[in-house]
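In: Based on what follows, work out the 3D shape:
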Amino acid sequence: MILAAVMLAACAPRGTFTAAPAGPGLVSSEAIFVGTTRAAGESGFTRERADVASFLRYDILIPPDREPGELNWPPRTRKPNPDKDFLTMDSTRFADPAAFRSALAAAMKLRGQTDAVVYVHGFNNTMAEGVYRVAQMHHDLEVPGVAIHYAWPSRGSALGYVYDRDSALFGRSGFEDLLNEVAQSGAKEIVIVAHSMGAALTMETLRQMALRGGPTALDRVAGVVLISPDIDVDVFRALARDIGTLPQPFFVFGSASDRVLGLSAQISGGGERLGALKDLSRIADLEVTYLDTAAFDVGAGHLNLGENPALLSLFGGIIGIDAAFRNDARARVGLLPGLVLTVRNATAVVLAPVGAIGEAVAE
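Out: You can find the predicted model right below:
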C-alpha cells in the first residue's frame with residue numbers, strides 16, 4: 001500500500017519556472033524574496049546542497065482566472081496562458097547578502113511596512129514549486145508584509161524522504177542565516193509559516209538559535225504557523241522545551257486524516273506526527289493553538305490551508321487572528337466556525353464549515 005502510493009506520487013508532473021510572455025495586462029504579481037541552500041546548476045537551482053546560501057527575488061504573475069487555492073502550471077501541450085497559469089515575470093540573483101538586505105529594505109519601505117513573512121516549504125518540492133506556492137498563498141491569504149521563502153535542498157521526489165529529512169537538518173544554519181539577514185534589513189516583526197517537513201526544520205532552527213543565546217533574529221519572531229507539520233510529537237515537545245518560551249501566536253494546522261502524514265508515521269516507525277494529532281493532552285503544557293482542518297480536507301489533506309477556498313476565506317489575513325484568542329472564551333465562540341477546546345495551556349479549534357455549524361445549532 002505504501003509503495004503503491006509513493007510510486008503514484010512519483011509519476012506526477014512537476015512544476016518548473018516558466019517565463020510569462022511579453023504583453024500588456026500582466027498587472028497582478030507577488031514579489032518573493034528567496035534565500036536558498038540549494039546548489040546552483042546550469043539550468044537553475046538543483047536538489048544538491050550548498051554550503052553558502054544564495055539570495056534571489058522572483059516576481060510571480062498571479063493569474064486572474066482561477067479559484068482561490070488553485071496553483072495552475074502550464075502543461076507542455078500548450079503555450080503558457082497568463083489568465084490561467086502562474087508564471088515568472090522577472091528574477092534577480094543578488095551578488096551578496098548586503099545587496100539582498102538592501103533590496104528587502106527597499107521593498108518594505110515601498111509597502112510602508114516593517115513586517116516580513118518567511119515561508120518554509122516541505123517534503124518533495126522543487127525550487128519552482130516552493131516559490132510559486134508561496135506566491136499563491138501570500139496572495140490568496142492577503143497576508144500583510146513582504147514575502148520571503150527559504151528553499152532548502154529537497155530532492156523533489158516522492159522517493160526521497162530520507163534524503164529530504166537529512167537536507168532539512170542540513171538546512172538549519174542556512175535558515176538561521178536568512179532570518180538574521182531579514183532582521184538586519186529592518187524587519188521589526190517576522191512571522192514564520194512552515195509546511196510539512198519544513199516545520200521540523202523550523203523547530204530545529206529555533207532551538208539552535210535559542211541555545212546559541214545572545215541577540216538573534218529569534219527576538220524578532222512574532223508568530224509561527226505550522227501547516228501539517230511532519231514532526232514526531234515527542235520530538236516537537238523536546239524541541240519546544242529547549243526553545244523555552246515559544247513565539248506567540250503559535251498556530252498548528254493539522255488533520256487526523258492527513259494521509260501523507262500517515263505514510264510518514266509508518267516510514268518513521270509509527271510515531272504520531274504533530275500534524276495528525278488526535279489527543280490534545282500530549283501538548284497541553286505548551287502555549288499552542290491547534291486548528292483541526294479535517295472537515296476541509298482537500299485530496300490527501302496535507303495542505304488544506306493553502307488549497308481549500310473556504311479555509312483561505314476564513315483565515316485571510318492570518319496574522320491578525322491572534323486577537324481572537326486574547327479575549328475570554330465567550331469572545332472566541334462565533335468568531336471561528338467550530339468547537340473550541342482548551343486543555344491547560346493549549347487550545348484546540350475543531351473547524352467546521354459554516355453551514356455545518358448552523359445545522360448543529362438548529363438541532
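
In: show me where pLDDT drops low in the stretch 151-300 of the chain?
Out: Within the stretch 151-300 of the chain, the stretches with pLDDT under 70 are 296-300.

In: Could I get the full set of strands for it?
Out: 189-195, 221-227, 250-254, 289-292 (DSSP state E, counting those that start in this stretch).

In: Go through those strands and name the closest to Leu211.
Out: Proximity to Leu211, assessed across the strands of the stretch 151-300 of the chain by CB to CB, is greatest for strand 221-227 (15.1 Å). The C-beta positions use only the backbone N, C-alpha and C, and glycine is treated the same way.

In: May I see the buried residues of that closest one?
Out: Val221, Ala222, Gly223, Val224, Val225, Leu226, Ile227 (16 or more other CB atoms under 10 Å).

In: circling back: reformat the strands of the stretch 151-300 of the chain as JSON lines; add distance to Ala107.
Out: Below are the strands of the stretch 151-300 of the chain laid out as JSON lines (distance: least, CB to CB, whole Å):
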{"stretch": "strand 189-195", "distance to Ala107": "14"}
{"stretch": "strand 221-227", "distance to Ala107": "18"}
{"stretch": "strand 250-254", "distance to Ala107": "25"}
{"stretch": "strand 289-292", "distance to Ala107": "30"}
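
In: looking at the ones you listed, which is closest to Gly160?
Out: Using CB to CB, the strands of the stretch 151-300 of the chain put strand 189-195 closest to Gly160, at 16.3 Å.

In: Parallel or antiparallel, list what pairs with the closest one.
Out: strand 115-120 (parallel), strand 221-227 (parallel) (DSSP bridges).

In: re the thing from before, out of the buried residues of strand 221-227, which two sit at the greatest distance?
Out: Among these, Ala222 and Ile227 lie farthest apart (CB to CB), at 17.6 Å.

In: Including distance to Ser185, could the strands paired with strand 189-195 go into JSON lines?
Out: Shown next, in JSON lines, are the strands paired with strand 189-195 (distance: least, CB to CB, whole Å):
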{"stretch": "strand 115-120", "distance to Ser185": "8"}
{"stretch": "strand 221-227", "distance to Ser185": "15"}
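
In: Which one, of those, ends up nearest to Leu291?
Out: strand 221-227 (9.6 Å).

In: Could you give the number of residues near Lys188?
Out: Counted with other CB atoms under 10 Å, residues neighbouring Lys188 total 12.

In: typo on my end, it should be Arg76
Out: Neighbours of Arg76 (other CB under 10 Å): 7.

In: Pull up the gap between it and Leu291, please.
Out: 38 Å (CB to CB, to the nearest Å).

In: same question, Val162
Out: Applying CB to CB to Val162 and Leu291 gives a distance of 30 Å.

In: Also Val235?
Out: Distance from Val235 to Leu291, by CB to CB: 21 Å.

In: of the two, who's got more company?
Out: Shown here are Val235 and Leu291; by other CB under 10 Å, Leu291 has more neighbours (24 against 16).

In: That one touches Pro249, doesn't it?
Out: No. With contact defined as CB atoms under 8 Å, Leu291 does not count as touching Pro249 (11.1 Å).

In: can you tell me which residues contact Tyr290?
Out: Residues near Tyr290 by CB atoms under 8 Å, 6 or more residues apart in numbering: Phe251, Val252, Gly254, Leu277, Leu280, Ile283, Ala346, Thr347, Ala348, Val349.

In: Buried only: go through those residues for me.
Out: For the contacts of Tyr290, buried by 16+ other CB under 10 Å: Phe251, Val252, Gly254, Leu277, Leu280, Ile283, Ala346, Thr347, Ala348, Val349.

In: and those as a markdown table, adding distance to Gln136?
Out: Converted to a markdown table, the buried ones among the contacts of Tyr290 look like this (distance: CB to CB, whole Å):
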| residue | distance to Gln136 |
| --- | --- |
| Phe251 | 19 |
| Val252 | 21 |
| Gly254 | 21 |
| Leu277 | 26 |
| Leu280 | 30 |
| Ile283 | 29 |
| Ala346 | 30 |
| Thr347 | 28 |
| Ala348 | 27 |
| Val349 | 24 |
